[in-house]
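Engineer: give me a 3D structure for the following:
(one chain, ligands or ions: 1)
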Amino acid sequence: MANDTNRFQAIISHCKEYGFIFPSSEIYDGLQAVYDYGQMGAELKKNIRDYWWKSMTQLNDNIVGIDAAIFMHPTTWKASGHVDNFNDPMIDNKDSKKRYRVDHLIEGHAENLKTAGKEAEADALLAAMDALLAKDDFAGLKQLIEDYKIKCAVSETCNWTDIRQFNLMFSTEFGSTVSSDAEDNKVYLRPETAQGIFVNFLNVQKTGRMKIPFGIAQVGKAFRNEIVARQFIFRMREFEQMEMQFFIRPGTQKEWYEKWKETRLNWHKSLGIPAEKYRFHDHVKLAHYADAACDIEFEFPMGFKELEGIHSRTDFDLKQHQEYSKKKQQYFDNDIDPATGKPYGNYIPYVIETSIGLDRMFLAVISQAYEEQDLSTPEKTDSRVVLHLPAKLAPIKLAVLPLTKKDGLPELAEQLMAECRPHFRCFYEEKDSIGKRYRRMDALGTPFCVTVDHQSLTDGTVTIRHRDSMEQERVKMSEVRELVMKAIG
Ligand code: ATP
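Structural biologist: Below you'll find the predicted structure:
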């Protein structure tokens, strides 16, 4: 593969060709930054979601899951600060009329400098940007863009507007009555799933009799009117988040923040993706709700980028909801405080949040898995595209392939299908040569293929082929189910 851009393009094409991801409403030329998951993508996405859900809820007795609505009372977003603060600084190029997120424009230029071998200059630019962003110094940022002569990629000019803030929330109207004041009916499509957890904090705590520390997890859609929506499913306007809010005693946030950083990194590593593909990035400019925050960055084909955020959100959200709703959001802690010998009593809990984009995780998994392998020998040229997906995430776990369509082989293969189908996703295929069928399964990331042949009829054994090594071994047909179950955990 010539370079990372080509590799990224190849992954995007592969996703489309093999039914993982299609552009939304493609027959109408698509909708920018909106994508549909196809028959393979939906399975892979579900498996990632399930793996996260299980690791959060089933494996932690003190974390429960909920499924809150996308629409929420509009005051939620005033209380959370999203109406006033969920903005990105934007700049327009006057010639091309193209709008850029200021940090993306500058980061893009820094990347170009790095590619040209000017590492030090790139680092200086990024450091200057961080310092200015931390102060919301828009005049300074514009000056920086001008000083570095950063050009618009379309017009190739430096003719920039001033920098302005742009709110990222989508809004729509609720109900059928026409109001004279449109604001009365205005509701937002949630820009994060977290608020659905905060407004249900006491419902869950009381009905679930939860004791601090405890967590509430949720997976669901979120919507952001991203200005620079690009890079495939990395930045979408409609996407899915997997978030967990962990409610703790005030004053314990530092230790829990460190614990969740470690726990989340271990979760990523448990998928067998090499550790060097991940790194932490501490936030310089903290969001309005946070007292500490970092990203777990992953090395995507376009470089290291945010995959997951871990935020120490203090008591900001619950306090705000208490103030706006006039309903107490307190917890009574009857554990004894060793300092006073009395119960800790009433307080608004602090919160550590872990927030990961399901679509970004999908991109991380598939881009890590994708490989174009040259299998040429001196005798013949050969190659394959293989997805080295972790077996537990693969859309199809087992392909059952009768060698021929006759002699009772399909019937025997169907017996194996019937035995395995209730336990994991299988795929039956009798068309084309075995070689072609293997290649197709490699491209879908299927970890095991079983070939049923004439010997199977006499001794009940089959050939099982391992995707990554391409090794084949003869096993008893009756052992196949167990073998696959063991691999998918
Ligand atoms: P970014 O800086 O990339 O815009 P963010 O810091 O705004 O991301 P958070 O608000 O922390 O993101 O959201 C938590 C997670 O949700 C992110 O780590 C990311 O995985 C995912 N996410 C956020 N925005 C998008 C998007 N537009 N498309 C896909 N996933 C997203």
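Engineer: got a list of contacts for stretch 265-276?
Structural biologist: Contacts to stretch 265-276, defined as C-beta atoms under 8 Å, 6 or more residues apart in numbering, come from residues 51-52, 55, 278, 280, 296, 298-299, 307-308, 364-365, 368, 390, 393. In this view, the C-beta of every residue, glycine as well, is placed from N, C-alpha and C.
Engineer: nearest to Ile70, out of those: which one, please.
Structural biologist: Ranked by distance to Ile70 (C-beta to C-beta), those are led by Trp52 at 19.3 Å.
Engineer: wait, isn't that closest one in contact with Gln241?
Structural biologist: No. Using C-beta atoms under 8 Å, Trp52 makes no contact with Gln241, being 10.5 Å away.
Engineer: any shared contact partners between those two?
Structural biologist: Contacts common to Trp52 and Gln241, judged by C-beta under 8 Å, 6+ apart, are Val219, Ile356, Leu358.
Engineer: and the residues you listed, which is closest to the ligand?
Structural biologist: Ile356 (5.4 Å; C-beta to the nearest ligand atom).
Engineer: tell me the phi and psi of that closest one?
Structural biologist: phi -130, psi 140 (degrees, to the nearest 10).
Engineer: which residues are in contact with it?
Structural biologist: Per C-beta under 8 Å, 6+ apart, neighbours of Ile356: Trp52, Gln241, Met242, Glu243, Arg264, Ile296, Leu307, Glu308, Gly309.
Engineer: filter the residues you listed down to the ones in strands?
Structural biologist: Gln241, Met242, Glu243, Ile296, Leu307, Glu308, Gly309 (DSSP state E).
Engineer: beta partners for the residue nearest to the fourth one when sequence neighbours are not counted?
Structural biologist: I take that to be Ile296. Excluding its sequence neighbours, the residue lying closest to Ile296 (C-beta to C-beta, 6 or more residues apart in numbering) is Glu308, at 4.3 Å. When bridges are called by DSSP bridges, Glu308 pairs up with Ile296, Ile356.
Engineer: ok, now how distant is Glu308 from Phe362?
Structural biologist: The gap separating Glu308 from Phe362 is 13 Å, by C-beta to C-beta, to the nearest Å.
Engineer: what about the ligand: which of the contacts of Ile356 touch it?
Structural biologist: Counting by C-beta under 6 Å from any ligand atom, Gln241, Leu307, Glu308, Gly309 from those sit close to the ligand.
Engineer: distance to Tyr331 added to those residues, as a markdown table?
Structural biologist: Formatted as a markdown table, those follow (distance: C-beta to C-beta, whole Å):
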| residue | distance to Tyr331 |
| --- | --- |
| Gln241 | 25 |
| Leu307 | 31 |
| Glu308 | 27 |
| Gly309 | 25 |
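Engineer: considering these, which possesses the most neighbours?
Structural biologist: Glu308 (24 neighbours; other C-beta atoms under 10 Å).
Engineer: got the contact list for the residue of the chain found nearest the ligand?
Structural biologist: In the chain, no residue comes nearer to the ligand than Gly357, which is 2.6 Å away by C-beta to the nearest ligand atom. Each residue near Gly357 by C-beta under 8 Å, 6+ apart is listed here: Phe239, Glu240, Gln241, Met242, Leu307, Glu308.
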